[in-house]
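> Kindly return the folded structure for what I paste below:
(2 chains)
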Protein chains: 2
Amino acid sequence: PSRSLANVYEIYRQTTKIATDDPRKLIHSFKVGLTLTLVSFFYYFRPLYNSFGVSAMWAVMTVVVVFEFSVGATLGKGLNRGLATLVAGALGVGANHLASLAGKTSEPILIGLFVFIQATASTFVRFVPTVKARYDYGMLIFILTFSLVSISGIRTDEILNLAQKRLSTILIGASTCVIISICVCPVWAGEDLHNLVGRNVEKLGSFLEDLTAENFRPPSEAAQTENGSSGVSVMSRLNSVVDSKSSEETLANFARWEPGHGRFMYRHPWKQYVKIGNLTRQCARRVEALLNAYLNSKTQAAEEIRGTIQEAFSGMISESGKALKEVASAMETMSRPPSPNPHLANLKIASKNLKSLLKSDFWEGYSNLSQVIRVASVASLLIDLVVCVEKVADGVNEL
Amino acid sequence: PSRSLANVYEIYRQTTKIATDDPRKLIHSFKVGLTLTLVSFFYYFRPLYNSFGVSAMWAVMTVVVVFEFSVGATLGKGLNRGLATLVAGALGVGANHLASLAGKTSEPILIGLFVFIQATASTFVRFVPTVKARYDYGMLIFILTFSLVSISGIRTDEILNLAQKRLSTILIGASTCVIISICVCPVWAGEDLHNLVGRNVEKLGSFLEDLTAENFRPPSEAAQTENGSSGVSVMSRLNSVVDSKSSEETLANFARWEPGHGRFMYRHPWKQYVKIGNLTRQCARRVEALLNAYLNSKTQAAEEIRGTIQEAFSGMISESGKALKEVASAMETMSRPPSPNPHLANLKIASKNLKSLLKSDFWEGYSNLSQVIRVASVASLLIDLVVCVEKVADGVNEL
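Now for the predicted structure:
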C-alpha cells in the first residue's frame, strides 16, 4: 500500500509540475470539459432536439476524440473525420446497393469481400509516410464508416436520412471543438513551432555565451568538480536541443492545417522551420564534440597557452553565441536580420585567421607540444562550428 | 490533372516500396481485413445473434481502433479499452444515480458538473508523461464512456443489461484482434526492439570496419569525389542510427504489454534496451565528429604520417568495429559475450598506448606540424570513441 501511495503522490507531483510549467495545458483541460458539457446537453435534452436522437452520441464521441491540444491538430482531426465519414458513407451505400443487386445468397459474400478488400487496402495505405503524417485518422474513420454502413443492411432510401443526421451531429461536435479551440485561449501549433525552433537557436547561443563567461569553461565546471554530477546537466541543456526533432516535425504537420493567425499567414513556410531545426541540431552536436574535446584537454591545459590562443577561442565562441542569439531575436521579432550580420562577419574573419594560424608555425615556441595539439584539435572543431552557425543564419534568412 | 496523376503514381511507388521493404506490413493489412470481415458477420447476421443487436457495432469499432501493427500495441489498446469501459461505466452509473437523487431540477446541473469535472481532470492527467506513454488510450475511452453513460439517463436496472452487452461486444472485438494478432504471423514489439537495437550496434560496427577497409577512408569517398553527393549517404547511414530514439522508446512501451514469446520472457528488461540504444547513439555521434575531423584533415594529410600513426588509427577503428559487431552478435544469439572480449581488451591497450604517444614527443621528427595536429585531434576523438564502445558493451552485458 505504501508503494501505491508513493505512486499516487508521484503522479500528483508530476501534475502540479505540468500545470506550473505550462498553464496552457490546464486551460486546455478546462476547454475540453466545457466543450464536452456543452455538447452533452444536446444529448441530454434530446426531447428538445428530437431530430438528432441517438445519433447525438456521435457528437459526444467526436468531441472526445477530435479535441486536441493545438488548433492545427483539432482542425486536422475534425476535417479528417468529417471528410472520411462523407466519402466512406457514400462508398458504403454504393457497396451495399451493389451487393443487394446480386441476390439473397451472394449478398453477404459480396459484402464480406468488399469489407475485406477495403480494410486491407486502407490499412496498407496508412503505412505510407505522407499519408500517415496527415491523414492517418481519416483513414481510420474511413475503414470504420465504410464497414458500418456497408454491413448495416439499411435500405438506400432510409440511409440518406440517417447519413444527414450522422453528418450533422459530427459537424456540431467538430465545429464546437474548433470554435472553442480557436476562441478560448487558442494554442497555435505554428506559433509553438516558431517559438520552439527560435528558443533552440537562442538556447544554443546563450549556452555558447555562458561557456565563455568564465574563460572558455562550461558554466558549472566549478560545481562539477565538487559533486561530479553537474557535468550531466550541462550536456542535458544541449540534449533538449538535440532531442526535439520529432516534436518539431509533428508541430509542422499540425501547423499546416491552421488558418492565418497573429503574425503568421496561411501557408507560412513551416517546412523551413524543420530545416532550421535540423541545422540547429547539427550545430548542437558540434558543440557537444567541441566540449568533449575541451573537457579532455582541460587536465593538460596550461597557463602558457591561455595567453595566446585562448582569447581567440573564447572570442569566436562568444561571437558564435552572439550571432545565434541575434538570429534568434530576428526570428522572434520576425524582422529580417541585419544584413550583413556584424557577428557573422566577425566570425568569418576570425575563422579565416584561425585557419591560417593552424597552417603557420605559431607553436614552435612552445615546449609542451601535447598541449598545443589538444588546443589545435579544439580549434578545428571550432571552425566546423562556425560553418554550421552560418548555415543556421542562412536558413533563417530564407524564412 | 497531370500533377494529381503524378501524386497518385508517387503513392503507388511508395506503397510497393513499403511492401517489398517489410512484407509484414502487407500481412498486417490482410490480418486487419480478415478480422474485420469475421467480426462484421456477427453484425450482419444479427438475427442469429440477436442478443447483441446494435451493440455489435461496438465490436466493429473495437476492431478498427484496437488492431495495431505489433502484438504489444494491440494488447495494450485492448486492455486499455476494456478496463476503461468497465471502470468508467461503473462510475457513470454512480454519477447518474447520485444526480437522480437530487431531484428533477438540479439533476441536469449535477450531471453537467460531473461531466465537466471528470473531462477536465482526465484530460489533464493525460499530460502526465507516464500516463501518456501507457494509458493514453484508456483515458480517452474513460472520458468517452463516462460521459455517454452518465448523460444517457437510463434507469439503473436497465443499465446492467446494456453494460453486459456492451462489454461482451468489446470483449469479442478485442479478443478476436488479439487472437489473430498472436496466431497469424505475429509481430512482436519486443523482438523488433531487440533487432532494432542490435542492428544499430551492428550497423555502427560495420560502418567502422568499412571505414578502415580502404586505409581509414569513408567507404564511398572515391564515389563522392566523382559526383559529390555520396558523402551525404555516408552520413545518412549514421543518421539512421542517431534518429531511432523515439521509435525505440515506443517499441519498449509496447513490449511491456507482451507476454513471453520466443526467446523473451515476460518482464524482459526492455528498458535496458533503451539505455543501450542511447549509448549507441552517443557512439554514433562521436563517430560523426571523428569523421568530420578526419574529412577536414584529409586535404592536408600527407604520405609521411600514413606510415607511423595511420596504422594505429585504422587498427583501433577496426577493433572498435569488431568489438561492436561481437557485441551485436552476442545480442543476436542472446548468449553472454565472451568475457573478457578480446577486441575490447585490445582496444584498451591501444587506447592507453595512443594516450602515452600523445604525451610523448613522437612528432618532433616531422616537419609539417599542421598535419601532426590534425592527426592528433583525430586521435583524441578516437580515444573518446573507445570509451563509448566500452559503455555499450557493458550495457549489453547487463541484459
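
> The helix or strand hosting residue A:25: which residues count as buried?
Assigned by DSSP states H and E, residue A:25 belongs to helix A:23-44. Within helix A:23-44, the residues that qualify as buried are A:24-26, A:28-44, counting by 16 or more other C-beta atoms under 10 Å in any protein chain shown. C-beta coordinates here come from the backbone N, C-alpha and C atoms, glycine included.

> Relative to chain B, which residue of the stretch 101-250 of chain A is the closest?
Nearest residue of the stretch 101-250 of chain A to chain B (C-beta to the nearest C-beta) works out as residue A:120 at 3.5 Å.

> Three-state assignment for that residue, please.
When classified by DSSP: H, G, I helix; E, B strand; the rest coil, residue A:120 comes out as helix.

> likewise residue A:335?
Residue A:335 is classified as coil under three-state DSSP.

> measure it to residue B:62 for me?
Distance of residue A:335 to residue B:62, given as C-beta to C-beta, to the nearest Å: 53 Å.

> Residue A:241 contacts residue A:280, doesn't it?
Yes: using C-beta atoms under 8 Å, residue A:241 makes contact with residue A:280 at a distance of 6.4 Å.

> Kindly tell me how buried the residue in chain A that chain B sits nearest to is, as a neighbour count.
Distance from chain B to each residue of chain A (C-beta to the nearest C-beta) is smallest for residue A:377, at 2.7 Å. Look at residue A:377: counted by other C-beta atoms under 10 Å in any protein chain shown, it has 27 neighbours.

> coming back round to it: ok, which of the buried residues of helix A:23-44 also contact chain B?
A:25-26, A:28-30, A:32-34, A:36-37, A:40-41, A:43-44 (C-beta under 8 Å from any C-beta of the partner chain).

> JSON lines please, covering those residues and showing pLDDT.
Below are those laid out as JSON lines (pLDDT from 0 to 100):
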{"residue": "A:25", "pLDDT": "91"}
{"residue": "A:26", "pLDDT": "90"}
{"residue": "A:28", "pLDDT": "92"}
{"residue": "A:29", "pLDDT": "92"}
{"residue": "A:30", "pLDDT": "93"}
{"residue": "A:32", "pLDDT": "92"}
{"residue": "A:33", "pLDDT": "92"}
{"residue": "A:34", "pLDDT": "92"}
{"residue": "A:36", "pLDDT": "90"}
{"residue": "A:37", "pLDDT": "89"}
{"residue": "A:40", "pLDDT": "82"}
{"residue": "A:41", "pLDDT": "79"}
{"residue": "A:43", "pLDDT": "67"}
{"residue": "A:44", "pLDDT": "68"}
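
> quick one: buried residues of the strand or helix carrying residue A:143?
Applying DSSP H and E as the criterion places residue A:143 in helix A:129-152. For helix A:129-152, a neighbour-count test (16+ other C-beta under 10 Å) marks A:131, A:135-152 as buried.

> So which elements touch the strand or helix carrying residue A:326?
Assigned by DSSP H and E, residue A:326 belongs to helix A:311-333. Where contact means 3 or more C-beta pairs under 8 Å, 6 or more residues apart in numbering or on different chains; DSSP states H and E, helix A:311-333 is packed against helix A:189-213, helix A:342-359, helix A:369-397.

> If we use 10 Å, what do you get?
Other elements packing on helix A:311-333 under the criterion 3 or more C-beta pairs under 10 Å, 6 or more residues apart in numbering or on different chains; DSSP states H and E are helix A:189-213, helix A:270-298, helix A:342-359, helix A:369-397.

> between it and helix A:369-397, what angle do the directions make?
Angle between the axes of helix A:311-333 and helix A:369-397 is 20 degrees (criterion: axes from the mean of the first three to the mean of the last three C-alpha atoms, to 10 degrees).

> and helix A:311-333, how far out from the chain's middle?
24 Å (C-alpha atoms, centre = their mean, to the nearest Å).

> what about the residue of the stretch 101-250 of chain A closest to chain B, distance to residue B:180?
13 Å.

> Need the residues touching each of those two.
B:31, B:32, B:34 (C-beta atoms under 10 Å, 6 or more residues apart in numbering or on different chains).
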